[in-house]
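Chemist: quick check, what structure comes out for this input:
(chains A and B)
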Amino acid sequence: MSVLQWREEFSVGIDEVDHEHRELIGLIRGLQENLGDGTDTEQVIDVLGEIYAQIAAHFALEEKMMRQTHYAALADHKEDHETLLDDLRDMMDEVEDDGVLDEAQLTDDLDRWFSDHFSTHDAKLHRSGQH
Amino acid sequence: MAFLKRSLRLILARAEAALDWSFGQRNNPLVNLGQLSWLLFLIIVASGVVLLVPVSHGYAGSVARGLHSYAGGALCVAVLLHLLREFSLDRMRAQRTFAWITGVMLLLFVSVGGITAASPLLLHIASPLVIIFLVWLHVQRRTRARVRPPMALAIATTTGLLALSFAWPDGGRQLASLGAFGSDAAWFVVVPVVMILSALPWLPPAEKSWLPVVSLNNCNGCGRCLEDCPFDAISMVPRTDGKPFELEASVHEDRCVSCGICAGSCPTSLPFRRTSAAIPGIELPDRTMADLREKTFDAANSFDDGQRVLVYACDHCGADALEETHARVVRLPCVGMLPPAFIDFALSRDLADGVMVAGCAENDCYYRLGDTWTNQRIDGERDPMLRQRVDRDRLETSWLPAASRKRRLRDLDDFTAWLEQLPRAAE
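Modeler: Sure, this is the predicted structure:
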């Protein structure tokens, strides 16, 4: 089971974005580390809800920055954000509906989901143009 | 005062319902009084310019004069009605005082224009200049002020006035003398009226309302609340809590009307968080998101047999008509306070078979833009967007004036019947 860690290469060079990425990774990691036998499903749903709230705010801020810098691919990037939110909502629904937790699956999903956020033109955007 | 307000509101609501029936809600003159006044003003200016041209004699001249006077009379009525309607809805306090006072000043200068029609030309021509300035002031602090009337209404008004002027050009002058315009005595009516109207916002009974509270732990300064506030009551200010963000939201007490639209726009206003107090970046302290979530659960738990219709309704649209039905109603100050995630939440958690969002008549939202934002959020045109995967078949909006209780009930019945014939959601 891989546990998500903050790595220097995640840094996009903008304090507030890095700060939020760090917080998100912390939340995800906390969840992953606590997953195990007898994890309370309710608690997992809570933490997923918390992650959802943070990432929604994070995207909102990123989109504002993109608008301010007249970032050309804003529409595409925005769509990626909506897809990522959708995926997270699916994970939440799954946990909710099944009532049973597939920890390995969830851990992998979260890992993949977070790296997806980076592999979108996100990092590229932040490195390329603001300062 | 309260009685006067209530009676006026009732009378105007009846009139509005009747006009709805003949004009359609969009083109209802009573809903477009401000816009209509602006159009009439433009007609007056245009016909006035024609009258200044020395060749305006004979039939053409009297038609122009007729148009000038008819539109003038209509303008006085429209401005007065506009003021009475806003007064009846108590839309003149707090932030709205500014628009109210400039509105009363507009009534004054429209009257000046009328009274001086016969006498000194200089005053008569100066008044429109003041009016243009006042109109500009009047729509300040309004995001997306609606100034232009709907096309159909504009055409109908212009054609109507033109037809009247052609058919009976001299009627305008008689109308003017009927209104005692041109006589000094008119001042004795206008001045006291303006003084009384100016004082109204400070007279009781003022409704106590709470200002939204910013929670810095949940605000990263994304600015969505600023963009959605219809009253320009939010600004983004430099961060005060040492977090590495640049800005944070801040509320202007004197402009806020406590509609809660800021809370509805905040990306962290979500029903999904359970224990960890679901506090968004900004919300009304007396109507929190945690509270909205509780009420949603209470509603879901109290359904009878049959279709479970959950209604999110604003306080100003007469949706209490729905409270005696099979539906369960959760109230908000404005539907714009409803984060779309709540619709997603209610349907995905099977808390209801269908969700209805009930608000004021379209383009007549009590808080100006709540309906518009809600529609755009549902259509994925505005943040926060309703998730695309949410089954739109199980979502209905009902935009109606407060007086249309029967139509509101019909909307609910239609939606319920629609839900009944839908296949049960696959589990």
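Chemist: for the chain, name the helix or strand with the lowest mean pLDDT.
Modeler: By default, I'm working from chain A. Lowest by mean pLDDT, DSSP states H and E among the helices and strands of chain A is helix A:122-129, with a mean of 52.
Chemist: um, chain B though
Modeler: Lowest-scoring helix/strand for chain B, mean pLDDT, DSSP H and E: helix B:171-178, at a mean of 67.
Chemist: the helix or strand hosting residue B:81 - contacts with which helices or strands?
Modeler: Assigned by DSSP states H and E, residue B:81 belongs to helix B:58-88. Helices and strands touching helix B:58-88, by 3 or more Cβ pairs under 8 Å, 6 or more residues apart in numbering or on different chains; DSSP states H and E, are helix B:2-23, helix B:33-52, helix B:97-115, helix B:151-167, helix B:171-178. For glycine as for every other residue, the C-beta is placed from the backbone atoms N, C-alpha and C.
Chemist: could you look over those and pick the most buried one?
Modeler: Among those, the stretch with the highest mean neighbour count (mean count of other Cβ atoms under 10 Å in any protein chain shown) is helix B:97-115, at a mean of 21.
Chemist: average pLDDT for it, rounded please.
Modeler: Over the span of helix B:97-115, the pLDDT mean works out to 89.
Chemist: for it, name the packing helices and strands.
Modeler: helix B:58-88, helix B:121-138, helix B:187-199.
Chemist: just put those helices in TSV and tack on mean neighbour count and mean pLDDT.
Modeler: Converted to TSV, the helices and strands packed on helix B:97-115 look like this (neighbours: other Cβ atoms under 10 Å in any protein chain shown; pLDDT from 0 to 100):
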stretch	mean neighbour count	mean pLDDT
helix B:58-88	20	89
helix B:121-138	16	89
helix B:187-199	13	87
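Chemist: for residue B:156, find the nearest of the ones you listed.
Modeler: Nearest to residue B:156, of all the helices and strands packed on helix B:97-115, is helix B:58-88, at 12.5 Å by Cβ to Cβ.
Chemist: and that closest one, how far from the chain's centre?
Modeler: Centroid displacement of helix B:58-88 relative to its chain, using Cα atoms, centre = their mean, to the nearest Å, is 23 Å.
Chemist: next: stretch B:46-55.
Modeler: 36 Å.
Chemist: quick one, longest helix in chain A?
Modeler: In chain A, assigned by DSSP state H, the helix with the most residues is helix A:41-68.
Chemist: and the next helix-or-strand element following it, what's its mean pLDDT?
Modeler: For helix A:41-68, the following helix or strand on the C-terminal side (DSSP H and E) is helix A:74-98. Averaging pLDDT along helix A:74-98 gives 87.
Chemist: briefly note if the helix or strand just after helix A:74-98 comes near chain B.
Modeler: Next in sequence after helix A:74-98, counting helices and strands by DSSP H and E, comes helix A:103-119. No. Taking Cβ under 8 Å from any Cβ of the partner chain as the criterion, helix A:103-119 and chain B are apart, separated by no less than 15.3 Å.
Chemist: list the helices and strands helix A:103-119 packs on?
Modeler: helix A:15-34, helix A:74-98.
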